[in-house]
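*Asks:* Just the structure for this:
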Amino acid sequence: MDHDAHGFPMRTLRDSLWFWIGLVASSLGAAERGPLQHPMMGVANGCFVETVAFLDHWQDNAGPEAWARLLQWGAMEDEEIVMGHAVGLCEAQGVLWSWDINHGWNRLPVAAAERDRVESVAAPVLARYPRVTARHPTFRFDFPQAAASAPPVAQPAHPNRSIRDASIVGAALARRRPVNVVTFKHVDAGTEQESAAVVFLFHGRYCVYVPEHGTVPFRARGGIENLRLIQELLRRSYPGASGVKKL
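*Replies:* Purely as a prediction, here's the structure:
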């Protein structure tokens with residue numbers, strides 16, 4: 001490893017430099033105009049599913065061999081455990097970019113040759129969240145899947161916001177993979193509520209998106225049509241969840 005005149009490892013210095021460049025850039029504000037105009041679905045707690053939809057759109061334009069990843073991390077904020085976050089990463093003409101539902105497009109100060117080093121790529125992305133202590137930044141990407149044969153239908157006018165958002169996500173993600181949208185009952189503050197969930201596979205994980213909570217990838221085994229399995233997984237966030245049925 002190369003060292004500078006004071007004996008510090010050059011790689012460490014370079015990594016620190018890139019980190020602070022990213023931090024300064026984040027404080028200066030607006031997102032850049034990126035290589036693809038991508039409309040968001042505008043659903044609640046949607047960072048993971050919005051990023052999956054973005055990656056689908058990116059591959060539609062750049063091709064299935066193009067380098068693109070979902071960067072996900074868990075987090076603590078002010079010593080409290082909070083929901084993590086997910087952003088999209090891609091390479092366009094030798095430049096690495098991030099796409100974030102909170103910040104839009106940003107060119108990353110990381111050489112394309114470093115694209116598979118999650119620590120290098122994550123540093124300038126995480127610099128935009130100075131109050132967050134990220135845990136386990138991880139790359140995810142989808143394995144080839146066939147589009148849903150009977151895709152869910154988006155219901156943007158549905159009066160139940162949970163069903164509305166879940167139906168929109170289900171219809172969008174079904175373009176590239178099998179998707180199941182279900183409704184279920186749970187009790188909130190002593191009152192029975194009806195919510196909805198989207199079930200799909202991504203990066204070999206059994207993913208469950210609920211608009212009120214976001215997306216949780218599980219290491220579960222079973223088909224996305226398995227209502228008993230879905231109910232079991234939903235009960236981890238909603239104890240006593242019941243009445244799971246296909247939308």
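*Asks:* separation between the residue nearest to W67 when sequence neighbours are not counted and L229?
*Replies:* Distances taken as CB to CB, 6 or more residues apart in numbering place E91 nearest to W67, at 4.5 Å, with adjacent residues excluded. Just so you know, the C-beta spots here come from the backbone N, C-alpha and C atoms, and that holds for glycine as well. Look at E91 and L229: by CB to CB, to the nearest Å, they are 36 Å apart.
*Asks:* for E65, same thing?
*Replies:* E65 is 33 Å from L229, by CB to CB.
*Asks:* could you pull out the strands for this structure?
*Replies:* For the chain, the strands defined by DSSP state E cover 68-77, 80-92, 95-100, 104-107, 132-140, 179-188, 191-202, 205-210, 214-218, 242-246.
*Asks:* If it's not too much trouble, I'd like those strands exported to TSV so that distance to A172 sit alongside each entry.
*Replies:* Rendered in TSV, the data for the strands of the chain read as follows (distance: least, CB to CB, whole Å):
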stretch	distance to A172
strand 68-77	15
strand 80-92	14
strand 95-100	16
strand 104-107	19
strand 132-140	18
strand 179-188	9
strand 191-202	10
strand 205-210	11
strand 214-218	13
strand 242-246	18
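*Asks:* hmm, back to that, hey, what's the residue nearest to W67 bridged with?
*Replies:* L96 (DSSP bridges).
*Asks:* Please identify which of the strands of the chain is closest to A44.
*Replies:* A44 sits nearest to strand 214-218 of all those, at 8.3 Å, using CB to CB.
*Asks:* related to what we said a few turns ago, check the strands of the chain for me and report the most buried one.
*Replies:* Mean neighbours per residue, mean count of other CB atoms under 10 Å, is largest over the strands of the chain for strand 205-210, with a mean of 23.
*Asks:* Tell me which strands it pairs with, and in which orientation.
*Replies:* strand 191-202 (antiparallel), strand 214-218 (antiparallel).
*Asks:* Work out which residue lies at the spatial centre of the chain.
*Replies:* Nearest to the geometric centre of the chain sits F48, at 2.3 Å (CA atoms, centre = their mean).
*Asks:* Look up the pLDDT of that one for me, please.
*Replies:* We have a pLDDT of 97 for F48.
*Asks:* what sits opposite the closest residue to it other than its chain neighbours in the beta ladder?
*Replies:* Using CB to CB, 6+ apart and skipping residues adjacent in sequence, the residue nearest F48 is T215, 3.7 Å away. Note on T215: beta-bridge partners by DSSP bridges are Y209.
*Asks:* how about T215, what does it touch?
*Replies:* T215 makes contact with 45, 47-49, 86, 207-209, according to CB atoms under 8 Å, 6 or more residues apart in numbering.
*Asks:* now the residues you listed as a markdown table including distance to V182?
*Replies:* Compiled in a markdown table, the contacts of T215 are given as follows (distance: CB to CB, whole Å):
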| residue | distance to V182 |
| --- | --- |
| N45 | 17 |
| C47 | 21 |
| F48 | 18 |
| V49 | 15 |
| A86 | 22 |
| C207 | 13 |
| V208 | 9 |
| Y209 | 11 |
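*Asks:* Of those residues, which is the nearest to L247?
*Replies:* Y209 (13.0 Å).
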